[in-house]
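*Asks:* turn this into a structure:
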Amino acid sequence: LPTLPQATVDTTMPTVTGSTFTVNAGGNLQTAINSAAAANANLTHLIVVEAGATFQGLFTLASRAAGTGWVLIRSSLSSNLPDGERVFPSDVANMPTLVGDNTGNVGVAINTAAGAHRYRLIGLHIKPFATVASFNVVEFTEGDHFIVDRCWIRGGNTGVGSNYTRRGVSMQAEHIAVIHSYVNDMIAKDSQSPTDTQALLSINSAGPLLVDNNYLEATGENMMCGGGEPQDAAHIPQDITITRNHFKKPPTWQGGDFFTKNLLEFKLGLRVLVERNIFEYCWTDNQAGWGLVLTVRNENGNATFSEVSDITIRYNVFRHCAGGMLSFGSSDVVAFPTQSTKRWKIHDNLWYDVSDALTTGANGRWWQHGTGGTPVGTDYNMSHNTVANSNDTSRSFKLINNTEYRDNIIRHGGNGVSGNGTATGDPTLDSYFPATVFNKNVLYSGGNPSFYAGHPGSFFPADIVAVGFENEGANDYRLAASSPYKNG
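*Replies:* Residues are numbered from 1 along each chain as shown. Here you go, the predicted structure:
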């Protein structure tokens, strides 16, 4: 079984025990930050920022002496933003607005100094300067212990030159949480200088990272770990908890001038839990349109320690995607080798409207295990997933050692479980899934038990209606009491 995250971020709100600094319209927020940072670091200090006022950045979270106290930077109307509840753009009247830099610091609104620690941002509206391309709206690259709480972090794209917003929060430090926030409009356009964008990105972090109860939107990957090289193996993003978020690409982007990719991608990651999220809308554009991508990479050839292992993905809903999931056992660039991917458990998730109507690439398939080099993936568990897809079950291009592939409900289609150069069923399982447990799957529409005679114990109803869901037409994929597979 995969190891779950071994640490997380404590988001308990600290009690103010030190000084309070008030910043009204026209005041100097940076001066208040510097004053709070210089105060007793074992006390928790409060900076109250006037809601409705606008402040021009860049703002740097300053270095502090060692200590256990926090600096809270909070809206004057944060009481209108209940603790534990996600904010929305309609809450902006209760927030001050912090605008990114326009003098050559690539549009950053908030960054961190070396030695910065224990800052919590509460109820802030943070955005880039209107006519400047923003690399990161908020970047945590130095220090540790940062919490973004009930903030609206927005990007934007003026359509002029290359004025895009690349990402909302860059998470390159330790002990970072983004909670109850709304991160949107991280947009790059095909007609400008197209590039990846993310609502959240981590490449170089010893963790832990917590992402809980947010709305996350971007044209590229809504969240990605990887895309660059960490400084060493200890800084592979790790101990990552992603819960109760809404990942979405607005469907109005489809077919437009947008550089779109995937919803959640791990090129790096250790001890990851992805639980009880909604992922929706992903189509073929600059990539195939997978809802979930687990493809380890050694981006520039200097990080052979790169790894995506101990991954748990459970109790999520993926919907309106061109394809369900793409994975690699190791890097697909043989000249830039990685460690093998291992100990994954992907279980009790619902995928529906995985559709070739959204694709010319992923093709309505639930799972594709890609090329990769050596070593190969090991110890995958794919179980108790329910999938309403328009095409085949899975396609393999590289073997996986020791796989449990069981108790799933998935459309079989014309090719079912197939491989590159191998026929459906037993030939693929024998070639690509040595030492596999393959049974009790319900493979509807097109399957035949004779294809899987060497791996008996699965079921092949004629179509999705014969599975016996409560009401698949209304996207209710619970098995009805009358289903022959209810307790199978």
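
*Asks:* who are the neighbours in contact with V71?
*Replies:* 33, 36-37, 44-45, 47, 61, 64, 118-120 (C-beta atoms under 8 Å, 6 or more residues apart in numbering). C-beta here means a position set from N, CA and C on the backbone, and glycine is covered the same way.

*Asks:* phi, psi for it please.
*Replies:* phi -110, psi 120 (degrees, to the nearest 10).

*Asks:* show me the beta-bridge partners of it.
*Replies:* Taking DSSP bridges, one obtains H45, Y119 as the residues bridged to V71.

*Asks:* do me a favour and get the end-to-end distance for stretch 58-74?
*Replies:* 17 Å (C-alpha to C-alpha, to the nearest Å).

*Asks:* work out the gap between it and the centre of the chain.
*Replies:* With C-alpha atoms, centre = their mean, to the nearest Å as the basis, stretch 58-74 stands 27 Å off its chain's centre.

*Asks:* do stretch 341-357 as well
*Replies:* That offset, for stretch 341-357, works out to 14 Å (C-alpha atoms, centre = their mean).

*Asks:* which parts of it are buried?
*Replies:* Buried residues in stretch 341-357, counted by 16 or more other C-beta atoms under 10 Å: 341-347, 349-356.

*Asks:* check stretch 107-117 too.
*Replies:* 107-113, 116-117.

*Asks:* just these: which are in strands?
*Replies:* 110-112, 117 (DSSP state E).

*Asks:* P375: which of these is nearest?
*Replies:* T112 (37.2 Å; C-beta to C-beta).

*Asks:* can you give me the distance of T22 to V467?
*Replies:* With distances taken as C-beta to C-beta, to the nearest Å, T22 is found 61 Å from V467.

*Asks:* the more surrounded of the two?
*Replies:* V467 (23 against 12; other C-beta atoms under 10 Å).

*Asks:* T243: neighbour count?
*Replies:* T243 has 17 nearby residues by other C-beta under 10 Å.

*Asks:* isn't it right next to N214, touching?
*Replies:* No. Using C-beta atoms under 8 Å, T243 is not in contact with N214, being 9.8 Å away.

*Asks:* is it possible to get a markdown table of the contacts of V71 that adds pLDDT?
*Replies:* Below are the contacts of V71 laid out as a markdown table (pLDDT from 0 to 100):
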| residue | pLDDT |
| --- | --- |
| I33 | 98 |
| A36 | 98 |
| A37 | 98 |
| T44 | 98 |
| H45 | 98 |
| I47 | 98 |
| L61 | 98 |
| R64 | 98 |
| R118 | 98 |
| Y119 | 98 |
| R120 | 98 |
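
*Asks:* buried subset of those?
*Replies:* So, by 16+ other C-beta under 10 Å, the buried ones in those are 33, 36-37, 44-45, 47, 61, 64, 118-120.

*Asks:* for V442, list each beta-bridge partner.
*Replies:* I409, F459.

*Asks:* N415 versus that one, what's the distance?
*Replies:* Distance from V442 to N415, by C-beta to C-beta: 17 Å.

*Asks:* just the strands in the stretch 201-350 of the chain please.
*Replies:* 209-212, 215-218, 221-225, 238-243, 246-248, 264-266, 269-275, 278-282, 290-294, 308-314, 317-321, 323-327, 342-347, 350-354 (DSSP state E, counting those that start in this stretch).

*Asks:* which residues are in contact with the third one?
*Replies:* Yep, that's strand 221-225 we're talking about. Taking C-beta under 8 Å, 6+ apart as the rule, strand 221-225 contacts 196-203, 211, 216, 237, 240, 242, 247-249, 261-269, 272, 279, 293.

*Asks:* and that strand, how far out from the chain's middle?
*Replies:* Relative to the centre of its chain, strand 221-225 is centred 5 Å away, using C-alpha atoms, centre = their mean.

*Asks:* avg pLDDT for it?
*Replies:* Rounded to a whole number, the mean pLDDT of strand 221-225 is 97.

*Asks:* repeat that for the first one.
*Replies:* Confidence over strand 209-212, taken as the mean pLDDT, stands at 98.

*Asks:* check the second one too.
*Replies:* The average pLDDT for strand 215-218 rounds to 97.

*Asks:* give me the below-cutoff pLDDT ranges for this structure.
*Replies:* 104-105, 131-133, 157-163, 193-194, 359-362, 372-373, 488 (pLDDT under 70).

*Asks:* which residues touch A53?
*Replies:* 24-26, 96-97.

*Asks:* of those - the most surrounded one?
*Replies:* P96 (26 neighbours).

*Asks:* from V108, how far out is the nearest residue to that one once chain neighbours are set aside?
*Replies:* Counting by C-beta to C-beta, 6 or more residues apart in numbering, V49 is the residue found nearest to P96 once chain neighbours are left out, at 4.3 Å. Distance from V49 to V108, counting by C-beta to C-beta: 18 Å.

*Asks:* try V71
*Replies:* Separation of V71 from V108 (C-beta to C-beta): 19 Å.

*Asks:* N475 reaches Y352, doesn't it?
*Replies:* Yes. With contact defined as C-beta under 8 Å, N475 and Y352 form a contacting pair (5.9 Å).

*Asks:* identify the contacts common to these two.
*Replies:* Taking C-beta under 8 Å, 6+ apart as the contact rule, N475 and Y352 both touch R319.
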